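Novice: What follows is a predicted protein model with its sequence.
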Amino acid sequence: MYYYIKQIFLCSLLVFLCASVNAQKTERAEKDTMVTFPVSGVCEMCKDRIEEAAKGKGVRLAVWDIDKKILTLVYNPSLVSEKKVRNRIVAAGHDSGPMKADDDVYNALDECCHYREINSHSDVEHPEKSPGDSANAVGHESIMGVVMEEDKKGNFSPLIGASIIWLGTTKGTVTDSSGVFSIKKNSGSSKLIISYSGFRSDTVDAEKKGDMIIVLAAGSQLSEVKVLSRQKSSFVSSFTTMRTQIMTEKELFKAACCNLSESFETNPSVDVSYNDAVTGSKQIQLLGLSGNYTQLTVESMPGPRGLATPLGLNFIAGPWVESIQLNKGVGSVANGFESIAGQINVELKKPEKSDRLYLNAYINDNAKTDLNLVLTKKLGKKWSTALLLHDNFLTRTNVDFNKDGFRDMTTGNLFSAVSRWKYDDGKGWAAQLGIKLLTDQRTGGEIDFDPGKDKLSTVNYGLGINTTRFETFGKLGYVFPEKKYKSIGLQLSVFSHRQDSYFGTTVYDGKQNNFYANLIYQSIIGTTAHKFRTGLSFLSDTYNELFRTTRYQRTENIPGTFFEYTFTPVEKFSVVAGIRADYNSLFGWFSTPRLHVRYEPVKGTIIRLSAGRGQRTANIFAENSSVFVSSRHINIITSVTGKAYGLDPEVAWNKGISLDQKLRLFNRDASLSFDFFRNDFSKQVVVDIEKTHEVHFYNLNGKSFSNSFQAELTVEPVKKLDLRFAYRFFDVKATYNGKLLQRPFTARHRAFANIAYELEGWKFDYTLNYNGTKRIPPVDHILPGNGQSSYSPEYVVMNAQISKSLGRKKLVDLYFGGENLTGYMQHDAIISPDQPFGPYFDASLVWGPVSGRLIYVGFRYKIK
């Protein structure tokens, strides 16, 4: 089966490559010109109609200002003329200066768009503006311009709220809803500082300039102004009500990022640690809580969850990722009810805008190899498609840094593929369809373990984990052309996940079938200051697990509905309030209220508040697979019969506050942020390993909470040298058998530093992570004199990478790096490794790295 799947996708790859070779190269555009001219209209529907009519070949940007009745047009004169664009607008029913629309066309417009009647008593005139006299239109002592951003395909869009300040002064302005600005000349300075959230600011020489076209995109140049602006690799959006940290592809390139778990190595908010010392599986921690409480989505649809939890981070290839959005605390009710600690949304490379070809290869000094290929192609004007392939393998069985006789990493092969298609008719309809396949075969245990001879025997300890996963997903949406604030969308996904595994002589097999549907409708109430979205959802999970000789089966069907209201009376204040009601076929009705508030009392200072409820059902075996690699006896203390292992659902309330402050240090942009989150569980499944030889699962009887504080500073002391520092404090406690104790393996104090520098195609990145002491459950009396203390030592882990871009167009990147450079590791990660079938064996008490220094090399190649 695995062989045939590979052959099918290899054949698809050959067909795809043959088609891609014939793709024509895009010709370089000549210099663009900006012009502004009056266009009559009165409402949002007029705005959409005017801008849509202006679009066409050669038009880079067309934005109409409702208040000023002015259209800002950026176009290529060799491809289209201003007159031709104005004719299209007039033909759509809107007057433009002396050019009048046909009466029949005008009368056919919606009643609210009849601007002639509305403006019949107005004496306001809108003078014509051309490239040569725009400066005169705003006065000889003013400079006028437009600030835009450019995507990878050369498409432009206006940047609203970009800051324009004279260098060395506090005098400035911001761009309006069209991206346009007008600023009075300053006798004391001739340079303007252009800045915008998510981009690195720089200066522009404005002396003797009239109209200015400024494009914030690395290495771009338009018209007579060249702006050197670097997009930040990681930033917090200033305009969203929910605090959203965005990690771009540039941030992911700071490390090898073979899979999603390694994508957070340069992020101070998310911790990644090993589950145990044998399986090689990793888990994330957010706000001091395990990754089970963080909702993982892929393009706003369910990601690896349920039985995929322990290995799910390995299932998403890092080179496939376009960006990652991270929200702490509760998320939007439109995305479900499960987020408690936060939400991580992964955006994969898009067929319509990604590079035509992207190839990545990686190998480390343990001979682990990763191969990745992404291909995209446009099929006409409406369709585009992408093929994403990933394969990694490790065959070396003697990787044993601490010489305990066990492999530090599992061997085997993981192959995954995604085929995705997108349709966009340009008239409001859009659709996506995709298929995902994955096979993962892992073998671990003692170095001498041979699965052909020793499987499920006591000759040599070994483990095997074989996973197959199939998923299909689809999205269908419609944006009303005349009312672009109104849309309706349907999300659908189905997956089947199967895991067959054994750990020594213990068998664990699991199968999960999932169906997800989410219907979302959004619009406004009167004006765009009052927005809402509402919809229906349905989630179905069927589980069938076999642990040793006992089978656990359940089906959860959860229909639900939600409503979310967004109130934005002014730019500096917004509120998002949401509520959803769901019915769980096992646990009955429950509601999920959530609230988010954003306030900007002064420019550059943003305060956010959030509060809400989250609920989830624990999968005790899949989420705690580390207990399989031990001799502990498993006890489930149930309170309800016939439900999820006889345990209650987990319910928590999360509250948070954050402060983001923009600064100017070393004459460059800097930022300082603080956040604090409190989480209180009213219901929780407690995993109790406080008693040696045993692990107990039971419902919480007492308190369980987490307090998380983080402070982060980002600064650029010299050009292209980025420094990021962070400190975190965690206070995470739960009641274990009547005692309130610190959560095991969670450091109270953590610190982070990242240094990134760019120089003529070279990139240097260095990351340091400090971990304070962690509480270890009592183990001393198991083996007298074994010497393990009740707290781990503090330690530091350092990673570094050097990369070089080659060629004039920088299509090739070579990178060389190292992880855990000091080789620090937990040498006693396995208790009683020489007696793996004895009563004291335990590989689950992991508090630090379980392997030593790792050196790797790789390359990236792309065709735009």
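Specialist: Ah, there it is. Residues are numbered from 1 along each chain as shown.

Novice: Leaving out the residues flanking it, which one is nearest to T735?
Specialist: Closest residue to T735 apart from its sequence neighbours, by C-beta to C-beta, 6 or more residues apart in numbering: G702 at 2.9 Å. All C-beta atoms are positioned from the backbone trio N, CA, C, and that covers glycine.

Novice: how deep is G145 tucked in, by neighbour count?
Specialist: A count of nearby residues for G145, using other C-beta atoms under 10 Å, gives 25.

Novice: ugh, wrong one, V602
Specialist: V602 is flanked by 8 other residues according to other C-beta under 10 Å.

Novice: what pairs with it across the strands?
Specialist: With DSSP bridges as the criterion, V602 is bridged to T605.

Novice: where along the stretch 701-850 of the chain do the strands fall?
Specialist: Under the criterion DSSP state E, counting those that start in this stretch, the stretch 701-850 of the chain contains strands at 704-718, 721-736, 739-742, 749-759, 762-771, 795-806, 812-819.

Novice: Same list, the ones you listed, but as CSV with distance to Y274, mean neighbour count and mean pLDDT please.
Specialist: Formatted as CSV, the strands of the stretch 701-850 of the chain follow (distance: least, C-beta to C-beta, whole Å; neighbours: other C-beta atoms under 10 Å; pLDDT from 0 to 100):
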stretch, distance to Y274, mean neighbour count, mean pLDDT
strand 704-718, 21, 18, 96
strand 721-736, 18, 19, 96
strand 739-742, 20, 13, 94
strand 749-759, 16, 17, 95
strand 762-771, 13, 18, 96
strand 795-806, 12, 17, 95
strand 812-819, 13, 18, 95
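
Novice: To A91, which of these lies closest?
Specialist: Closest of those to A91 is strand 795-806, at 46.9 Å (criterion: C-beta to C-beta).

Novice: the inter-axis angle of the closest one versus strand 812-819?
Specialist: Going by axes from the mean of the first three to the mean of the last three C-alpha atoms, to 10 degrees, strand 795-806 is angled at 170 degrees with respect to strand 812-819.

Novice: so how far is strand 795-806 from its chain's centroid?
Specialist: For strand 795-806, the separation from the chain centroid amounts to 22 Å (computed by C-alpha atoms, centre = their mean, to the nearest Å).

Novice: so what does that strand touch, helix or strand wise?
Specialist: The helices and strands touching strand 795-806, judged by 3 or more C-beta pairs under 8 Å, 6 or more residues apart in numbering; DSSP states H and E, are strand 762-771, strand 812-819.

Novice: so can I have JSON lines of these showing distance to G462?
Specialist: Shown next, in JSON lines, are the helices and strands packed on strand 795-806 (distance: least, C-beta to C-beta, whole Å):
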{"stretch": "strand 762-771", "distance to G462": "31"}
{"stretch": "strand 812-819", "distance to G462": "26"}
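
Novice: Tell me the gap between stretch 427-446 and the middle of its chain.
Specialist: Computed by C-alpha atoms, centre = their mean, the chain-centroid distance of stretch 427-446 equals 17 Å.

Novice: please renumber so the chain begins at 5
Specialist: Fine by me, first position is 5 from now on; the one you just mentioned is stretch 431-450.

Novice: Buried residues, it. List them.
Specialist: Of the residues in stretch 431-450, 434-438, 440-450 count as buried by neighbour count, 16 or more other C-beta atoms under 10 Å.

Novice: wait, doesn't Q299 sit right on E342?
Specialist: Yes: the criterion here is C-beta atoms under 8 Å, and Q299 meets it with E342 at 5.0 Å.

Novice: Quick one: residues contacting K659.
Specialist: Residues in contact with K659 (C-beta atoms under 8 Å, 6 or more residues apart in numbering) are G333, S614, A615, F681, R682, N683.

Novice: Which of those residues are buried? Put it as a ChimeraX command.
Specialist: Buried residues within the contacts of K659, by 16+ other C-beta under 10 Å, are selected in ChimeraX with:
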select :333,614,615,681,682,683
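
Novice: which of the contacts of K659 lies closest to G149?
Specialist: Among the contacts of K659, S614 lies closest to G149 (C-beta to C-beta), at 37.1 Å.

Novice: so what pLDDT did the closest one get?
Specialist: S614 carries a pLDDT value of 97.

Novice: Which of the buried residues of stretch 431-450 fall within strands?
Specialist: Assigned to strands by DSSP state E, the following of the buried residues of stretch 431-450 qualify: 434-438, 440-449.

Novice: Now K724: closest residue in space that isn't a chain neighbour?
Specialist: Closest residue to K724 apart from its sequence neighbours, by C-beta to C-beta, 6+ apart: E762 at 4.3 Å.

Novice: Actually, G822.
Specialist: Closest to G822 by C-beta to C-beta, 6+ apart is I859, at 5.0 Å.

Novice: since we're on the one you found, how many residues are nearby?
Specialist: The burial count for I859: 13, using other C-beta under 10 Å.

Novice: any idea which element it lies in?
Specialist: If you go by DSSP states H and E, I859 is part of strand 858-867.

Novice: Going by neighbour count, which residues in stretch 858-868 are buried?
Specialist: Buried, per 16+ other C-beta under 10 Å, within stretch 858-868: L858, Y860, G862, F863, R864, Y865, K866.

Novice: Which single one of those is nearest to V282?
Specialist: Using C-beta to C-beta, the buried residues of stretch 858-868 come closest to V282 at L858, 18.0 Å.

Novice: Just checking, which helix or strand of this structure averages the lowest pLDDT?
Specialist: Within the chain, confidence by mean pLDDT, DSSP states H and E is lowest for strand 225-226 among all helices and strands, at a mean of 34.

Novice: hmm, back to that, relative to Y587, how far out is the residue nearest to G822?
Specialist: For I859, the distance to Y587 equals 53 Å [C-beta to C-beta, to the nearest Å].

Novice: same question, D180
Specialist: With C-beta to C-beta as the criterion, D180 and Y587 are 47 Å apart.

Novice: and those two? which has more neighbours close in?
Specialist: D180 (20 against 13).

Novice: Just give the closest residue to that one, not the sequence neighbours.
Specialist: Leaving aside its chain neighbours, D180 sits nearest to D69 (6.4 Å; criterion: C-beta to C-beta, 6+ apart).

Novice: What's the local residue count around that neighbour?
Specialist: D69: 18 surrounding residues under other C-beta under 10 Å.

Novice: Tell me the secondary structure at the residue nearest in space to the middle of the chain.
Specialist: Nearest to the geometric centre of the chain sits I328, at 1.8 Å (C-alpha atoms, centre = their mean). Following DSSP: H, G, I helix; E, B strand; the rest coil, I328 is assigned to strand.

Novice: Please determine how far the closest residue to it other than its chain neighbours is located from C261.
Specialist: In space, and not counting its chain neighbours, I328 is closest to M251: 4.3 Å by C-beta to C-beta, 6+ apart. Going from M251 to C261 by C-beta to C-beta gives 10 Å.
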